[in-house]
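Asks: test case, fold it:
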Amino acid sequence: MLNEFLEFEAYTKNPTSENPRLQPMMLTHSFSISRYGNYYLDGIDQVLIIIARHFIFSECGKTSDNIVESTIQVLKRWIGMTDNNEKEDTLVNRWFQEYGVESGWLEKYWKFHFEQCCDKERNAGEEWKACLGSRMESYFKAYDYDANTVTFRNIVASAMSLGPLKERYFIVLKSEDRSDRKKYSTREDKSEVYKKMQMFKYLIDCKGAHASKKLKMLKNIIAFLIWQEEYPKIQNEVILQKIRLFGWYGENDSDGKADNWCFSKFAFTENKDGKAYPIMYRVPFADYTKMGIDPRYLKMHDMRLIDTTETEKYTETHWIIKDSGYGLELPLIVLNKK
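Replies: Residues are numbered from 1 along each chain as shown. Model prediction:
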């Protein structure tokens, strides 16, 4: 998520990947059907906003005479919604070609994973057409600009508000204990994730916690800072975008229960009295959840996001961390580790 261009690539190429960033079991609630007779697409708006942002601020989008309608056409084509009566937009065609975006990506992705996960008695093509394809138009058109409804126009409005896709770096103060700085490159028999999280033991430690959970915790902190920037006024809690966070984990969790992302046992001590405080916490609501990172912890380690052009002034004092993709196979990269 530090590199939104990598996220965009994952959502627009190779829809039949067996290891996708967009996690099928979480997106579809394990391909269960809602009480309205539709299959779930939980969090799909978060993905559509990434795609819309790329198009709107691309050269193709900037030259569109009707950016709202052009963006909606992009989103429909990405989903797999065809309209023979709709006038073809040459800028939309050019964008799909220039950036190698797969037309009908969501439909191809959904059918592929349906066949992988469900019994053979149900036909993927028929299920898509009956429970998703034929209802997609009404699903995205009702109650435009209703804050509680996912519509194409709401997605376009959110994309315009957030601006172009970004790549940023995450920085954190180096440990004053120089022995901590040597822990990264030892033990060749250990995994890359293990070695990397040993390096950050002074930041994130919890007895018995596996290195993979420590990496998730670090990603939680970074995700919080990213989402905090998206609010017009800095807030202590942000709305959890679960489908994006679990995609960054590379974890195909069907329900995303709190225990799988809110790691309240990770703690920090602020004073010499040794009293421990949870680094993160959650605030549940009826239809969504907010997450928070203790601001004292962020300040203590000077954790923040920077532009990719600002690295020089932080090289000696901070670790500079770059996004390399999703999952355990692609842990975060420390740019200034010698």
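Asks: please make it C-alpha for all contacts and neighbour counts, starting now.
Replies: Noted.
Asks: helices of the stretch 151-300 of the chain, start to end?
Replies: Taking DSSP state H, counting those that start in this stretch as the criterion, the stretch 151-300 of the chain carries its helices at 152-162, 192-199, 211-229, 242-249, 295-300.
Asks: most tightly packed of those helices?
Replies: Among the helices of the stretch 151-300 of the chain, ranked by average contacts under mean count of other C-alpha atoms under 10 Å, first place goes to helix 242-249 (a mean of 22).
Asks: separation between residue 114 and residue 219?
Replies: 29 Å (C-alpha to C-alpha, to the nearest Å).
Asks: can you check residue 169 too?
Replies: Applying C-alpha to C-alpha, the value for residue 169 to residue 219 is 12 Å.
Asks: what about residue 271, neighbour count?
Replies: Around residue 271 there are 8 other residues, counting by other C-alpha atoms under 10 Å.
Asks: and if you look at the one 5 residues further on?
Replies: Residue 276 is surrounded by 13 other residues when neighbours are defined as other C-alpha under 10 Å.
Asks: quick check: closest non-adjacent residue to it.
Replies: Distance criterion C-alpha to C-alpha, 6 or more residues apart in numbering; nearest residue to residue 276, sequence neighbours excluded, is residue 269 at 4.7 Å.
Asks: pLDDT score for that neighbour?
Replies: Listed pLDDT for residue 269 reads 87.
Asks: swap in residue 317?
Replies: What the model reports as pLDDT for residue 317 is 94.
Asks: any idea which residue sits dead centre in the protein?
Replies: Ranked by distance to the mean C-alpha position of the chain (C-alpha atoms, centre = their mean), the top residue is residue 244 at 2.5 Å.
Asks: ok, that one - contacts?
Replies: Neighbouring residues of residue 244 by C-alpha atoms under 8 Å, 6 or more residues apart in numbering: 1, 22, 46-47.
Asks: which parts of the stretch 1-150 of the chain are helices?
Replies: Counting by DSSP H, counting those that start in this stretch, the helices of the stretch 1-150 of the chain are 4-12, 24-28, 44-56, 59-62, 67-79, 90-98, 105-117, 124-131, 136-141.
Asks: low-confidence ranges, the stretch 201-338 of the chain, go.
Replies: Applying pLDDT under 70 to the stretch 201-338 of the chain flags the ranges 208, 253-254, 272.
Asks: same question, the stretch 1-150 of the chain
Replies: Within the stretch 1-150 of the chain, the ranges that satisfy pLDDT under 70 run 83-86, 131-149.
Asks: residues touching stretch 322-336, excluding its own?
Replies: Stretch 322-336 is touched from outside by 1-3, 6-7, 21, 168-170, 192-193, 212, 215, 247-251, 315, 319-321, with contacts defined as C-alpha under 8 Å, 6+ apart.
Asks: if you set the cut-off to 7 Å instead, what comes out?
Replies: Outside stretch 322-336, the residues within contact range by C-alpha atoms under 7 Å, 6 or more residues apart in numbering are 2-3, 6, 21, 169-170, 193, 247-250, 315, 319-321.
Asks: farthest pair within those residues?
Replies: 21 and 315 (30.9 Å; C-alpha to C-alpha).
Asks: close enough to count as contact, residue 49 and residue 155?
Replies: Yes. The pair residue 49 / residue 155 is scored as a contact, 5.6 Å apart, by C-alpha atoms under 7 Å.
Asks: circling back: got the helices of the stretch 1-150 of the chain as JSON lines, with distance to residue 258 and mean neighbour count columns?
Replies: Below are the helices of the stretch 1-150 of the chain laid out as JSON lines (distance: least, C-alpha to C-alpha, whole Å; neighbours: other C-alpha atoms under 10 Å):
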{"stretch": "helix 4-12", "distance to residue 258": "23", "mean neighbour count": "19"}
{"stretch": "helix 24-28", "distance to residue 258": "13", "mean neighbour count": "23"}
{"stretch": "helix 44-56", "distance to residue 258": "19", "mean neighbour count": "22"}
{"stretch": "helix 59-62", "distance to residue 258": "38", "mean neighbour count": "16"}
{"stretch": "helix 67-79", "distance to residue 258": "29", "mean neighbour count": "21"}
{"stretch": "helix 90-98", "distance to residue 258": "37", "mean neighbour count": "15"}
{"stretch": "helix 105-117", "distance to residue 258": "24", "mean neighbour count": "19"}
{"stretch": "helix 124-131", "distance to residue 258": "29", "mean neighbour count": "16"}
{"stretch": "helix 136-141", "distance to residue 258": "28", "mean neighbour count": "15"}
